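Colleague: Dropping a prediction and its sequence here:
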Amino acid sequence: MSDIYSHLGDERVPIGVIGGSGLYEMDGLEIIEEREVDTPFGKPSAPITIAKVEGRRVAFLPRHGQHHEYVASTVPYRANIWALKELGVFWLVTVSAVGSLKEEIVPGEHFVIPDQIIDKTYRRPNTLYKDVAVHVGLSYPFHPMMREIVLGACRDEGIETHDGGTYVCMEGPAFSTKAESELHRQWGASLIGMTAMPEARLAREAEMCYATIALPTDYDVWYESDHVDIGEVMANMKRNISNVRGVLRRVIPSIPLEQEADCDASHALQYAIVTHPEAISESSLEQFRLTLGKYIES
Ligand SMILES: CSC[C@H]1O[C@H](OP(=O)(O)O)[C@H](O)[C@@H]1O
Ligand SMILES: Nc1ncnc2[nH]cnc12
């Protein structure tokens, strides 16, 4: 199968970081450039910062825009994933602020590396593909290999980190009602947030190895308080963000770049394209060559 990035040579950026609420830039990086990228889905949330960490090229993108212009429902998730894919990103780490649905997950102190998602979103485009039937497997929406890397980095940084947990992704932008919060707890979920979907789904469709570092900022509305206190959210977010910066500095050098071809995420589309190759139009192939080309043209 062809190397889709041979044309990029040393310019390829294999690692990506998507920052969530509170993380709009990464510090301590050797910045190479700010890249304006356009995609078939429009522009991503912001120009992408390309930087070097210990000799490795990393692309950083703030999910909500540089000034938090986009709420979760309007984040251009498809453009974000496609833009990173075009730069060469395979290893994708994301950071997300979340509400805690379990007493033992302490806001402002603990981190969580979720392993499951329940998707309650209902007004976001949730696939990259059009006029081609693509059905990727998503039973484990966060990749086990990437999860292990970020879990290790959090623990090495001295942060108490929960291994696994289900992230309920709600549409927002309003927070949950009490009944919803209780329901999510009855489902056994650990976290509530607004952005893991469709991001995780699209990352799989783009054959990326994706995991999230979830930073709890509050106990949602099931616990002692009747409302999500934005002051508390912001204070905990600040603490979490200063901790996660150290984690990210550890994650980047510990990614096993040489294992990309062996990682199942790099061939997630192999048996997922259902449309017969001859029924895929030239224009669709042109649009999706970056991801589908290696299966359809070889
Ligand atoms: C400002 S709290 C609510 C907001 O924060 C989370 O975003 P992200 O996952 O990008 O950190 C949550 O999902 C909401 O969008
Ligand atoms: N309680 C909450 N619900 C949804 N998203 C959140 N992000 C941070 N806290 C949250």
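Modeller: That came in fine, so what should we check first? Ligands and ions are numbered 1, 2, ... in the order given.

Colleague: Which single residue of the chain approaches ligand 2 most closely?
Modeller: G99 (2.5 Å; C-beta to the nearest ligand atom). All C-beta atoms are positioned from the backbone trio N, CA, C, and that covers glycine.

Colleague: so what's that residue up against?
Modeller: 107, 175-176, 191-193, 216-220, 228 (C-beta atoms under 8 Å, 6 or more residues apart in numbering).

Colleague: same deal with S73?
Modeller: Counted by C-beta under 8 Å, 6+ apart, S73 has contacts 121, 123-124, 171-173, 194.

Colleague: Looking at neighbours, which among these is most surrounded?
Modeller: M194 (24 neighbours; other C-beta atoms under 10 Å).

Colleague: That one is in contact with A174, isn't it?
Modeller: No: counting by C-beta atoms under 8 Å, M194 stays clear of A174, with 10.0 Å between them.

Colleague: which bits of the stretch 51-200 of the chain sit near ligand 2?
Modeller: With C-beta under 6 Å from any ligand atom as the criterion, the stretch 51-200 of the chain meets ligand 2 at residues 97-99, 175-176, 192-194.

Colleague: May I see these arranged in JSON lines, with pLDDT and secondary structure as well?
Modeller: As requested, these are arranged in JSON lines below (pLDDT from 0 to 100; DSSP: H, G, I helix; E, B strand; the rest coil):
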{"residue": "A97", "pLDDT": "98", "secondary structure": "strand"}
{"residue": "V98", "pLDDT": "98", "secondary structure": "strand"}
{"residue": "G99", "pLDDT": "98", "secondary structure": "strand"}
{"residue": "F175", "pLDDT": "97", "secondary structure": "coil"}
{"residue": "S176", "pLDDT": "98", "secondary structure": "coil"}
{"residue": "I192", "pLDDT": "98", "secondary structure": "strand"}
{"residue": "G193", "pLDDT": "98", "secondary structure": "strand"}
{"residue": "M194", "pLDDT": "98", "secondary structure": "coil"}
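
Colleague: now for those residues, which pair is the farthest apart?
Modeller: Maximum pairwise distance in these, criterion C-beta to C-beta, is 14.5 Å, between A97 and S176.

Colleague: so what's H227 up against?
Modeller: Here H227 is in contact with 175, 221 (C-beta under 8 Å, 6+ apart).

Colleague: what's the closest of the contacts of S73 to ligand 1?
Modeller: Closest to ligand 1, out of all of these and judged by C-beta to the nearest ligand atom, is M194, at 3.2 Å.

Colleague: residues in contact with the residue nearest to that closest one when sequence neighbours are not counted?
Modeller: Leaving aside its sequence neighbours, M194 sits nearest to A72 (C-beta to C-beta, 6 or more residues apart in numbering; 3.5 Å). Going by C-beta under 8 Å, 6+ apart, A72 touches 64, 171-173, 194-195.

Colleague: Relative to L285, how far out is A72?
Modeller: Separation of A72 from L285 (C-beta to C-beta, to the nearest Å): 32 Å.

Colleague: Check V13 too.
Modeller: V13 sits 25 Å away from L285, going by C-beta to C-beta.

Colleague: count of neighbours near E69?
Modeller: Counted with other C-beta under 10 Å, E69 comes out at 12.

Colleague: That one: helix or strand, and which one exactly?
Modeller: Assigned by DSSP states H and E, E69 belongs to no helix or strand.

Colleague: Check the secondary structure at the residue nearest to it when sequence neighbours are not counted for me.
Modeller: Closest residue to E69 apart from its sequence neighbours, by C-beta to C-beta, 6+ apart: S45 at 7.8 Å. Taken by DSSP: H, G, I helix; E, B strand; the rest coil, the conformation at S45 corresponds to coil.

Colleague: Span of stretch 96-110 from start to end?
Modeller: For stretch 96-110, the first-to-last residue distance is 13 Å (C-alpha to C-alpha, to the nearest Å).

Colleague: try stretch 131-145
Modeller: 32 Å.

Colleague: contacts for that stretch?
Modeller: 113-117, 127-128, 196, 200-201, 204-205, 209-212, 256, 259, 263, 265, 268-269, 272-275, 280-281, 284, 288, 292.

Colleague: which parts of that stretch are buried?
Modeller: 132, 134, 136, 141-143, 145 (16 or more other C-beta atoms under 10 Å).

Colleague: Against Y223, how distant is the residue at minimal distance from the centre of the chain?
Modeller: Geometric centre of the chain, nearest residue: T94, 4.2 Å, by C-alpha atoms, centre = their mean. According to C-beta to C-beta, T94 and Y223 sit 26 Å apart.

Colleague: Then D131?
Modeller: 47 Å.

Colleague: Quick one: distance of stretch 96-109 to the chain centre.
Modeller: Distance of stretch 96-109 from its chain centroid, counting by C-alpha atoms, centre = their mean, to the nearest Å, is 18 Å.
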